[in-house]
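**Student:** predicted structure and sequence below. I'll ask about it afterward.
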Amino acid sequence: MADPTFPDEWLAHSLEGVLSAERLAELRAKATPGRTLWETLVDEKIASDQQILSALSTRFRLKLADVATIDPKVREGVPEQLARRYRVLPLRITDSFLEIATANPFDLDAEKALAFATAREIRSLLAAPSRIAEKLDEMYRPEKALDKVLQGMEGSADLVLHPETEPEELVASEAEASQRPVVRLVDLIISEGILSRSSDIHIEPEEGGVAVRYRIDGVLRQVMKIPRAAGLPLISRIKIMSQLDIADRLRPQDGRARVSVNGQPIDLRVSTLPASQGEKVVIRVLDSRATVKSLDSLGLNPVESEHIKRLLEYHEGIVLVTGPTGSGKTTTLYSCINQIKSEGVNIVTVEDPVEYRMPGIVQVQVQEKAGLTFASALRSILRQDPNVVLVGEIRDRETAQIAVQASLTGHLVLSTLHTNDAANAVTRLVDIGVEAYKIAAALRGVIAQRLMRKLCPTCKQVWMEAPAERLKKWLPKETPLYRAAGCPDCAMTGYRGRFSILEVLTVTPEVERRIGAGETADHIAEAGRRSGMKSLWESGLAHVLRGESTIDELTRVVDVPVEEGGVAAAVAPAPSRRSPGAVELPRGAPSAGPVAPAAEPVVEHFELLEEPAPPRVSGTHGLPARKVLLVDDEDSLRKVVKELLERDGYIVAEARDGAQALDQIDRVGPDIIVLDLNMPGLDGYGVLSHLRSRPATADIPVIVLTAKGDEDNEVRVFELGADDFLTKPFRARALSARLEAVLGRRR
């Protein structure tokens with residue numbers, strides 16, 4: 001009788017020099033039904049997973065799968081039964097293809113079955129059977145995956161959960177939250193987050209579980225999903241660590257904790273927020289022993305570095321660093337302190353919290369419960385004979401007034417402010433309550449800042465595609481551009497690390513005069529540009545042209561500026577500092593408007609932004625062309641649908657996710673929205689809820705376009721206020737007809 005064979009017998013011929021014919025015969029004799037040769041080789045320690053993967057990848061030129069990053073949408077697209085039957089791990093699904101990880105890329109039956117079930121092309125990548133089985137449990141059976149995480153942890157105490165009086169709500173007591181498995185799980189989440197360079201750890205209860213996400217290089221990435229029964233005690237454990245009240249789940253709370261990872265002390269700032277599914281927790285990671293960078297190590301353009309160094313040569317006045325939360329303002333401030341620190345300079349800081357420890361300077365930690373606020377601390381600091389004062393943030397009128405007074409009496413004051421650009425820092429100070437003439441006398445300069453991700457040097461590739469028409473004027477011909485490819489070194493993101501892009505406004509006599517006269521931020525910015533100020537866009541573009549980042553990353557961080565002499569100049573008396581497209585013409589009005597002399601610039605501007613010059617006629621109604629906002633995370637689908645709608649006479653704007661969609665809605669003012677549901681970050685349900693909750697957008701019609709065609713999903717989107725529901729794949733004429741029908745009902 002012939003020896004039994006393995007399901008993956010082909011593997012034996014691919015491991016020359018590792019597996020002899022005699023050894024293969026022995027393994028066949030001991031083979032059990034259903035067990036693969038790959039698993040047998042690993043169990044018998046004849047070869048490791050890595051050796052087999054390397055041999056197969058080299059011989060057949062197959063790519064290795066990165067099973068650490070799995071598209072959450074793929075779980076709904078591929079049934080668990082099918083994935084387990086063929087031992088494949090779905091990784092990514094789009095409207096055209098399904099990407100899977102498999103240990104047998106030559107299994108044609110699996111490929112045909114998956115292609116038939118999903119109606120998509122199958123793309124196979126290599127992965128070890130053990131990793132596939134492990135990840136299948138995480139994807140389809142998260143409770144089993146949690147058991148494995150907690151397996152082997154000291155003290156196998158049972159985790160008992162008691163229901164509260166409220167129906168379907170769970171809360172963990174202090175005793176339950178302190179049980180060993182929960183403690184170890186919290187330690188695992190925090191330590192992994194710190195070691196993976198995350199700046200924030202998000203723990204978010206949602207339907208079916210608790211999601212854990214890390215913000216790495218400014219972008220959130222989901223790393224695990226924990227069953228709800230184990231996730232709620234986890235949140236209680238974090239509240240105990242940060243000395244918060246675990247019984248109070250109806251009010252936001254803030255706390256602090258201090259941990260040690262590999263002997264390195266790390267401060268954690270914990271914030272809780274009551275939400276519909278339970279408390280959300282965000283842990284800000286503050287490395288108190290992080291090295292303070294020099295200005296030259298921030299990756300600045302040479303001109304920007306020179307401008308900052310000139311500002312730091314002043315002995316009195318205020319220098320502000322502005323930008324949103326997480327834009328690196330504190331790092332820049334400390335780099336400035338590092339630049340001017342010397343034995344003969346007395347530097348005192350007041351912060352909340354103290355993020356960096358620096359020898360040679362006095363650092364004061366705000367304690368609001370004890371009455372030590374920014375204002376009271378700053379008032380006391382001025383009696384300590386300082387030369388330079390660093391104020392962590394100007395939050396209120398009292399702090400702003402004292403900072404201005406200190407700067408006018410011989411001190412150099414460095415601080416941060418939350419504004420979108422440099423010129424609007426003046427507007428913000430006036431809004432807080434500081435007189436314009438005092439700002440003009442005290443202010444020396446404003447640094448507006450953002451952070452861009454740096455291309456991974458290991459895997460960056462030359463970008464072969466042509467850029468969008470509206471970007472071509474910014475990109476010199478023959479200049480090589482790069483794109484993010486993805487490799488294990490950068491966790492398949494294509495980026496590793498970040499650098500600063502800046503807008504440095506130096507207060508010249510003209511700028512000071514305009515500030516004192518109470519002029520708007522637009523006029524102040526105009527004067528700043530005349531004195532050499534470069535915008536955030538220009539700063540980031542210089543890095544892109546040097547191959548340090550991508551044009552996609554630049555457009556993610558800052559908006560493409562409106563060209564002077566375009567729509568903004570034709571409609572408004574001064575250049576607008578708002579994002580492009582912010583100046584809106586009345587709907588239905590001709591593009592040129594009533595201002596006849598401005599007709600030519602308007603036409604040129606619209607052609608530049610890929611918008612039509614004259615108003616096009618849509619349908620048979622003789623009305624001006626309607627604006628459609630197309631929201632979908634699949635680039636190829638957006639391209640096809642955009643071409644279809646533009647042929648039918650619509651003006652089409654695009655958004656690749658929910659957050660960008662809300663920004664585009666305010667900017668473009670669409671007549672109708674075509675909205676996908678499954679998107680990273682803010683999904684279609686969230687966008688729809690935002691739209692219907694705001695009076696300004698409540699009446700914009702929305703057609704939901706989704707691959708989730710079940711009845712419950714359809715009912716839900718109509719309850720949220722959708723006007724129509726269309727499932728993928730769809731016919732071109734059907735989408736056009738539905739657009740016409742919905743717009744016709746709204747006329």
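**Tutor:** Received, thanks.

**Student:** isn't there a helix covering residue 686?
**Tutor:** Yes: assessed with DSSP: H, G, I helix; E, B strand; the rest coil, residue 686 lies in a helix.

**Student:** how many residues are close by it?
**Tutor:** When neighbours are defined as other CB atoms under 10 Å, residue 686 has 17 of them. In this view, the C-beta of every residue, glycine as well, is placed from N, C-alpha and C.

**Student:** which residues does it contact?
**Tutor:** For residue 686, the contact set (CB atoms under 8 Å, 6 or more residues apart in numbering) comprises residue 658.

**Student:** wait, what's in contact with the residue positioned nearest the centre of the chain?
**Tutor:** Nearest to the mean C-alpha position of the chain, by CA atoms, centre = their mean, lies residue 219 at 3.3 Å. Shown in contact with residue 219 (CB under 8 Å, 6+ apart): 453, 493.

**Student:** how far away is it from residue 52?
**Tutor:** Distance of residue 219 to residue 52, computed by CB to CB, to the nearest Å: 33 Å.

**Student:** next, count neighbours for residue 237.
**Tutor:** With other CB under 10 Å as criterion, residue 237 counts 22.

**Student:** burial count for residue 45?
**Tutor:** Residues lying near residue 45 (other CB under 10 Å) number 7.

**Student:** now do the SS call for it.
**Tutor:** coil.

**Student:** residue 181 now?
**Tutor:** At residue 181, secondary structure determined by three-state DSSP is helix.

**Student:** could you do residue 735 as well?
**Tutor:** The three-state label given to residue 735 by three-state DSSP is helix.

**Student:** for it, give me the pLDDT.
**Tutor:** Per-residue confidence at residue 735 stands at 81 (pLDDT).

**Student:** same question, residue 506
**Tutor:** For residue 506, the predicted pLDDT is 93.

**Student:** tell me the bridge partners for it.
**Tutor:** residue 445 (DSSP bridges).

**Student:** distance of residue 489 relative to residue 458?
**Tutor:** Remark: distance between residue 489 and residue 458 (CB to CB) = 5 Å.

**Student:** where does the protein have low pLDDT?
**Tutor:** Applying pLDDT under 70 to the chain flags residues 1-4, 16-18, 34, 141-180, 287-292, 563-624, 732, 746-747.

**Student:** my read: residue 256 touches residue 283, true?
**Tutor:** No: counting by CB atoms under 8 Å, residue 283 is not a contact partner of residue 256; they are 10.3 Å apart.

**Student:** the more surrounded of these two?
**Tutor:** Set side by side, residue 256 and residue 283 show more neighbours around residue 283, with 23 against 15, by other CB under 10 Å.

**Student:** to what extent is the closest residue to that one other than its chain neighbours buried, counted in neighbours?
**Tutor:** Of all residues not flanking residue 283 in the chain, residue 201 sits nearest, at 4.2 Å (CB to CB, 6 or more residues apart in numbering). As a burial measure, residue 201 scores 24 neighbours (other CB under 10 Å).

**Student:** what strand or helix carries residue 201?
**Tutor:** Following DSSP states H and E, the helix or strand that holds residue 201 is strand 198-206.

**Student:** packing partners for that strand?
**Tutor:** On a contact count with 3 or more CB pairs under 8 Å, 6 or more residues apart in numbering; DSSP states H and E, strand 198-206 meets helix 180-195, strand 209-216, helix 228-241, strand 278-286.

**Student:** what do residue 256 and residue 283 both touch?
**Tutor:** Each of 268-270 lies in contact with both residue 256 and residue 283 under the rule CB under 8 Å, 6+ apart.

**Student:** now, which of these sits nearest residue 385?
**Tutor:** Among the shared contacts of residue 256 and residue 283, residue 269 lies closest to residue 385 (CB to CB), at 31.3 Å.

**Student:** quick one on the thing from earlier: now list the buried members of the shared contacts of residue 256 and residue 283.
**Tutor:** Taking 16 or more other CB atoms under 10 Å as the criterion, what is buried in these is 268-270.
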